[in-house]
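>>> Pasting the sequence and the predicted coordinates here, then a few questions.
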Amino acid sequence: MSPLASSFAELVGFIQAASIRVDKLGSALRSKPTVSVKVLSERQLEKLCVATTIIPKKENMASPDCNLSAKDTVAMSHLPPELIFAILESAYYSPSGSPDYTFLASCSLVCNSWSAPAQSLLFRSTTKLRSYSIPKFHAAVMSSSVRGKPLGTAVRSLEISVGRSMNESCHPLDFARLLQACPRLYELALSTYGLHEFDQAALAELKKTGSGIKALNLQYCGVQSPVLFQLLEIWPGIQFLKVGTEIAAWPWRNPAEIPVLRQPNSGGGPGNTLDTTERPGASVSLYDLVLSRIPQPAVLTWLLTSSSASLRILDLREVPGPATRTILGLHAKRLRSLRLLHYSFDSAAFLRQCTELEELVLFHVPTMVPLAPALPPSIEHLSFRNPIHTYRNTLRPFLDAIEVLPKLRVLTCDRNSEQLEEFAILKARCVERGVEVEISDVPFWVYYSTRADTTSREMRAAIPSQGCLCTRWLLAWLLAGVALPPSYGTRRERDRGPLRNV
């Protein structure tokens, strides 16, 4: 037997041995009562730090709670790295769509060859970090290492609360030090409590430590807080922005001098108290914008000043009124993906402006407003949900829609829609037209780093079919033709491999 054939036979043997043990391994590792990164009490974080530290002594050490024999552990320690990655990939996500932290923590205890990739993924997305756990988390990422690099380099997504009044919130300067310990941080989910704005000292530190952040999710802040505008000013590299709270502040106001909620009027009356001097707009070039609440027209104009050539993905949780449509209309022709929580006459009017749209996502079945007349013929992927709180027993709007979409290639719906009588008719018409029908069980409100999103057929070509959903960030990087950032391994990526860039 030639050396090449011998190596191949050896690899096949490894694969066969691994396939026999994967089910046993998964059940054993999942049964171990380890701690999730999401729950970071002081005692639990100590356990987590132990579970995510590379084991320096016995190569074949396994957890005493793990139901694996010594023979199984020895076999797993000699698996090729490719198979270890494949096993971690196959079970990376829990049924809810978020990383399975319990499984990953258990894997990090198997042996040295498993510890490094498992702990990289375990710290890759850190959620709900609170003040009482930050010192231990900071110590863990600074003292532990992965392939000779600090563990903080593995952190790509971070969710944290910052403030001064709540026990669960982190002090702004501690927040800056934490960002410094995570130099490769890509996505930040931030909530501020008891903090109206960052002072100049904190802003100076944040400017130095957070310059690499590309995705910002502002989950909560005071309605009059200028925190969003402060962060966009010091982090001009932000490309993906989600605003999950109401913003009533003005980006050009002077701190602590001018009332926030009083809009300037054209006359000289008492309401004319704001500085109306023309100010430059935001310097960020947004690729993806999610708005839970649509801000004032002047604020929206400011926000999109530098995004006229870059904005491609838009998610609106409110109906775009006439003033909003006027502003967004300047970007409508360049949009490629649009997500609408509410479909109304105003939504239809804006949809007609999106003449180059490739993807439309609706979160209900529209029965009051005709859908087909407003659809751009450029749409390649149409996705909809029929949630229980807005349940409809008809699919007529989509039966009409596929008749006016000559480029349609993929239609995605949920199980509620599949159970309707008209679904068989809809599927038959799609088959006649060569349209692929996909059923998705992924909820459309999932955690931000694995949030459901859709892609057009060309965008999806690089990812093997496994439901029609992928994260918004993955979509954006595919569109831009840039290598996928390591922080965004998602459900849609399982076949592609979310660990390739670990």
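Perfect, I can see it now.
>>> Low-confidence bits of the stretch 1-150 of the chain, can you list those?
1-76, 144-149 (pLDDT under 70).
>>> so what pLDDT did P251 get?
For P251, the pLDDT comes out at 86.
>>> again with T471
At T471, the predicted lDDT confidence score is 39.
>>> Just give the number of residues close to K136.
K136 sits with 18 neighbouring residues when counted by other CB atoms under 10 Å. C-beta here means a position set from N, CA and C on the backbone, and glycine is covered the same way.
>>> what's the domain layout of this structure?
The record's domain split for the chain, according to automatic domain parsing, is 1-121, 156-252+282-311, 321-502.
>>> mind checking which helix or strand the nearest residue to L129 once chain neighbours are set aside is in?
Spatial nearest neighbour of L129, chain neighbours left out: I160 (4.6 Å); criterion: CB to CB, 6 or more residues apart in numbering. Using DSSP states H and E, I160 maps to strand 157-163.
>>> so for that strand, what's the average pLDDT?
91.
>>> now do stretch 184-200
Mean per-residue pLDDT for stretch 184-200: 93.
>>> try stretch 368-381
96.
>>> Give me the buried stretch members for that stretch, please.
Across stretch 368-381, burial judged by 16 or more other CB atoms under 10 Å covers L371, A374, L375, P376, S378, I379, E380, H381.
>>> what distance separates the start and the end of that stretch?
Start-to-end span of stretch 368-381 (CA to CA, to the nearest Å) is 22 Å.
>>> and what of stretch 303-310?
Using CA to CA, the end-to-end distance of stretch 303-310 comes to 13 Å.
>>> what's it in contact with?
Stretch 303-310 has contacts (CB atoms under 8 Å, 6 or more residues apart in numbering) with 232, 239, 251, 280-287, 289, 295, 311, 327-328, 330-331, 334.
>>> In ChimeraX, select just the buried ones from these.
Selection of buried members from the contacts of stretch 303-310 for ChimeraX, criterion 16+ other CB under 10 Å:
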select :232,239,251,282,284,285,286,287,289,295,311,327,328,331,334
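>>> I'd like to know which of the contacts of stretch 303-310 are part of helices.
Among the contacts of stretch 303-310, DSSP state H puts L232, I327, L328, L330, H331 in helices.
>>> shouldn't the last one be in contact with P320?
Read it as H331. No - with contact defined as CB atoms under 8 Å, H331 does not count as touching P320 (11.8 Å).
>>> Please enumerate the strands of the chain.
Using DSSP state E, the strands found in the chain span residues 125-129, 145-146, 149-150, 157-163, 187-193, 215-220, 240-243, 288-291, 313-316, 337-340, 359-362, 381-384, 410-413, 436-439.
>>> okay, those in CSV with distance to S108 next?
Below are these laid out as CSV (distance: least, CB to CB, whole Å):
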stretch, distance to S108
strand 125-129, 15
strand 145-146, 10
strand 149-150, 16
strand 157-163, 18
strand 187-193, 22
strand 215-220, 26
strand 240-243, 29
strand 288-291, 33
strand 313-316, 35
strand 337-340, 36
strand 359-362, 37
strand 381-384, 37
strand 410-413, 36
strand 436-439, 35
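>>> Leaving aside the residues adjacent along the chain, what's closest to Y287?
That would be Q239: by CB to CB, 6+ apart, it lies 4.5 Å from Y287.
>>> Now for that neighbour: which residues touch it?
Q239 is in contact with K214, A215, V284, S285, L286, Y287, D288, S310, A476, counting by CB under 8 Å, 6+ apart.
>>> Format the ones in helices among the contacts of stretch 303-310 as TSV; extra columns: distance to S106.
Converted to TSV, the ones in helices among the contacts of stretch 303-310 look like this (distance: CB to CB, whole Å):
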residue	distance to S106
L232	40
I327	50
L328	47
L330	51
H331	46
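>>> and which of the residues you listed is nearest L420?
For these, the closest approach to L420 (CB to CB) belongs to L328, at 32.9 Å.
>>> How much space separates that closest one from S378?
Between L328 and S378 the computed distance is 18 Å (CB to CB, to the nearest Å).
>>> What is the burial count for K333?
By other CB under 10 Å, the residues close to K333 number 11.
>>> now do R396
Counted with other CB under 10 Å, residues neighbouring R396 total 15.
>>> Which residue, neighbours along the chain excluded, lies closest to it?
E422 (6.9 Å).
>>> Check the contact between that neighbour and L395; I expect there is one.
Yes - between E422 and L395 a contact is recorded at 4.2 Å, counting by CB under 8 Å.
>>> Looking at those two, which is more packed in?
Neighbour totals were compared for E422 and L395, and L395 leads with 23 against 14 (other CB under 10 Å).
>>> which residues touch the more buried one?
V365, S417, L420, E422, F423, I425, L426.
>>> Swap in 10 Å and give it another go.
Contacts for L395 (CB atoms under 10 Å, 6 or more residues apart in numbering) come out as 365, 384, 386, 401, 413, 417-418, 420-427.
>>> Narrow those to just the buried residues.
Taking 16+ other CB under 10 Å as the criterion, what is buried in the contacts of L395 is V365, F384, N386, A401, C413, S417, L420, F423, L426, K427.
>>> tell me the pLDDT at the nearest residue to the fifth one once chain neighbours are set aside?
The reference is to C413. Leaving aside its sequence neighbours, C413 sits nearest to F384 (CB to CB, 6+ apart; 5.7 Å). F384 carries a pLDDT score of 94 in this model.
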